[in-house]
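Asks: Take a look and give me a structure for this.
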Amino acid sequence: MLRLHCTKKLLDRIKPEIVAPGQSDTALGNWYATVLFWKPQVALLVSERTLLPVLMPLAPAASFARRFPAQLALVLKEHGVSSEFIAQEVWRMDQVRYAKTANRSVVGILNEFVKQAEFWLAAYAYEKGDDDDLLAISAKLAETPCSPLYKGPVSPDKALHEIVKAGTQT
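Replies: Just a heads-up that it's a prediction; the model follows:
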């Protein structure tokens with residue numbers, strides 16, 4: 001089961017049933033999400049455990065959570081993650097539970113990624129509507145040093161590889 005903590009902006013767009021916060025069954029933990037009012041609109045999701053960012057088209061907003069596992073699989077593949085890990089992670093996302101944001105540190109990272117994504121948007125010219133650009137921007141954001149990770153892997157891409165490595169050793 002996937003726990004998706006959404007900002008108020010996103011909750012207002014999708015109007016889901018809100019549940020009490022809990023833990024996801026996935027290796028990457030709970031996910032936080034917000035909406036970027038680009039044209040077309042984009043959802044930015046960040047793993048609470050690794051801070052790995054994933055950008056994807058928001059429309060249709062009502063189904064973005066069901067489409068998220070497929071976009072995550074593309075991002076994980078871009079980072080060289082094994083197909084076994086990807087399949088297991090996607091399989092565990094069979095159900096989605098929505099909650100309000102609960103971790104201010106992750107919300108702060110979301111806000112920083114929004115600013116950086118706008119910079120990379122100009123570099124990749126997403127106005128053309130190319131989803132490959134969102135994948136490239138997600139990969140660039142994952143290289144960003146994040147203060148919650150300073151005592152360990154420093155950047156989301158390195159945190160991801162630590163979790164994948166730990167998962168294959170168990």
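
Asks: Identify each buried residue in the lengthiest helix in the chain, please.
Replies: Determined from DSSP state H, the single longest helix within the chain is helix 104-124. For helix 104-124, burial by neighbour count (16 or more other Cβ atoms under 10 Å) applies to 106, 107, 109, 110, 112, 113, 114, 117, 120, 121, 124. Where C-beta positions appear, they are placed from N, C-alpha and C, glycine not excepted.

Asks: quick one, the next helix or strand after it and helix 104-124 angle?
Replies: As assigned by DSSP states H and E, the chain's next helix or strand after helix 104-124 is helix 131-141. In terms of direction (axes from the mean of the first three to the mean of the last three Cα atoms, to 10 degrees), helix 131-141 departs from helix 104-124 by 130 degrees.

Asks: what mean pLDDT would you report for helix 131-141?
Replies: Averaged across helix 131-141, pLDDT comes to 85.

Asks: Just checking the distance from it to the centre of its chain.
Replies: Centroid separation for helix 131-141 versus its chain: 12 Å, with Cα atoms, centre = their mean, to the nearest Å.

Asks: try stretch 11-23
Replies: Relative to the centre of its chain, stretch 11-23 is centred 16 Å away, using Cα atoms, centre = their mean.

Asks: Only alpha carbons, please: show that stretch as CSV.
Replies: In CSV, the C-alpha atoms belonging to stretch 11-23 read as follows (Å, rounded to 0.1, in the frame of the first residue of the first chain):
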residue,chain,number,x,y,z
LEU,A,11,-5.8,17.8,-2.3
ASP,A,12,-8.0,20.7,-3.5
ARG,A,13,-7.5,19.5,-7.1
ILE,A,14,-8.1,15.8,-6.6
LYS,A,15,-10.5,15.8,-3.6
PRO,A,16,-9.6,12.3,-2.3
GLU,A,17,-10.8,10.6,0.9
ILE,A,18,-8.2,11.6,3.6
VAL,A,19,-7.0,8.9,6.1
ALA,A,20,-4.9,9.2,9.2
PRO,A,21,-1.1,9.1,8.5
GLY,A,22,0.5,5.7,8.5
GLN,A,23,3.4,3.9,6.9
